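S.K.: A structural model of the following input is requested.
(chains A and B)
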Protein chains: 2
Amino acid sequence: MAAEPIINSRQKEALINGIFTQVVCTAFSNHILVVLTQYGKIGTIISLLPDATFSDISKPLFTTKVLLGKDEGLTHVYDKNLVTFISQASGNRPVLLALALKKINIEGIKAMKEMIKSCQVW
Amino acid sequence: MAAEPIINSRQKEALINGIFTQVVCTAFSNHILVVLTQYGKIGTIISLLPDATFSDISKPLFTTKVLLGKDEGLTHVYDKNLVTFISQASGNRPVLLALALKKINIEGIKAMKEMIKSCQVW
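M.R.: Below you'll find the predicted structure:
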């Protein structure tokens, strides 16, 4: 009875720093949607948008904006670290990231980025 | 190689008013996420939140808020018509709706609501 997927979506689960972590990546023509959660919740939603004007070295800059949830400085840092590469790899598409993490450190961010990479839909 | 779904998600496609329409419903513990698109795009994202204070007849009222995209009066009307029933059926969970429609009329809204119902994950 399983329906064939229509919209391209991939998901994965893993233990990161001993915490059960889930990721779901879905590709839309104008956005990549990434859900990264350690609570089974949606949490904070952050938009990452490549700027229309490029910098001197011809690489786009990125604007991050919290659409839902607490707007904290570190949230923007995590967002840029986790999903900027997706925008770069997908023809500068904006990325929506839903983030609900229990514990964050550099090793965790690296491991999560690898999880996201393994769910490539772009 | 198909991974077993971890986060509960269902999707469907149909012709509505002759237009190819896709819906994806995903359940999170604190939100239901519904993507309804006729462009393969994410479009406008609207949050539907049951009010903490109930009305006289003990039914919750709902607040709608556009998180991403153009904030038009009709968008809020469509949102309430399409997904209020989900919140009511899922223990008053908030609903996030991503909406990208080409053509909207009453018959279309009814047909879309049936499509969403057929992707029940709550």
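S.K.: Does anything pack onto the helix or strand of chain A with the lowest mean pLDDT? Which helices or strands?
M.R.: One helix or strand of chain A scores below all others by mean pLDDT, DSSP states H and E: strand A:44-54, with a mean of 87. Here strand A:44-54 touches strand A:60-68, helix A:73-89, strand A:95-100, going by 3 or more Cβ pairs under 8 Å, 6 or more residues apart in numbering or on different chains; DSSP states H and E. C-betas here are computed from N, CA, C, even on glycine.
S.K.: List the buried residues for stretch A:12-31?
M.R.: For stretch A:12-31, a neighbour-count test (16 or more other Cβ atoms under 10 Å in any protein chain shown) marks A:12, A:16, A:21, A:22, A:23, A:24, A:25, A:26, A:27, A:28, A:31 as buried.
S.K.: can you tell me which two in the residues you listed are farthest apart?
M.R.: Using Cβ to Cβ, the buried residues of stretch A:12-31 span at most 26.2 Å, a distance reached by A:16 and A:28.
S.K.: follow-up on the earlier one: filter the buried residues of stretch A:12-31 to keep only those in contact with chain B.
M.R.: A:12, A:22, A:24, A:26, A:28, A:31 (Cβ under 8 Å from any Cβ of the partner chain).
S.K.: For residue A:111, which three-state class applies?
M.R.: helix (DSSP: H, G, I helix; E, B strand; the rest coil).
S.K.: what's near enough to touch the spatially closest residue to it that is not a sequence neighbour?
M.R.: Take residue A:111 and drop its neighbours on the chain: the residue closest to it by Cβ to Cβ, 6 or more residues apart in numbering or on different chains is residue A:16, 4.7 Å away. Residue A:16 makes contacts with A:38, A:108, A:111, A:112, A:115, as judged by Cβ atoms under 8 Å, 6 or more residues apart in numbering or on different chains.
S.K.: Next step: the buried residues of stretch A:12-31 restricted to strands.
M.R.: A:12, A:16, A:21, A:22, A:23, A:24, A:25, A:26, A:27 (DSSP state E).
S.K.: Check the gap between the fourth one and residue B:90 for me.
M.R.: Applying Cβ to Cβ, to the nearest Å, one obtains 19 Å for the distance of residue A:22 from residue B:90.
S.K.: same thing with the fifth one?
M.R.: Taking Cβ to Cβ as the criterion, residue A:23 is separated from residue B:90 by 23 Å.
S.K.: now swap in the first one and tell me
M.R.: Summarising the geometry, the distance separating residue A:12 from residue B:90, computed by Cβ to Cβ, is 25 Å.
S.K.: Repeat that for the second one.
M.R.: As judged by Cβ to Cβ, residue A:16 and residue B:90 stand 28 Å apart.
S.K.: Please apply the same query to residue A:45.
M.R.: 19 Å.
S.K.: same question, residue A:35
M.R.: 18 Å.
S.K.: higher neighbour count, those two?
M.R.: Comparing residue A:35 with residue B:90 by other Cβ atoms under 10 Å in any protein chain shown, the one with more neighbours is residue A:35, at 25 against 16.
S.K.: Need the CA coordinates for the helix or strand in which the more buried one is found. CSV is fine.
M.R.: Assessed by DSSP states H and E, residue A:35 sits inside strand A:32-37. Extracted in CSV, the C-alpha atoms of strand A:32-37 (Å, rounded to 0.1, in the frame of the first residue of the first chain):
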residue,chain,number,x,y,z
ILE,A,32,15.1,23.0,0.2
LEU,A,33,13.4,22.1,3.4
VAL,A,34,15.5,20.5,6.2
VAL,A,35,14.1,19.3,9.5
LEU,A,36,16.7,18.4,12.1
THR,A,37,15.3,17.4,15.4
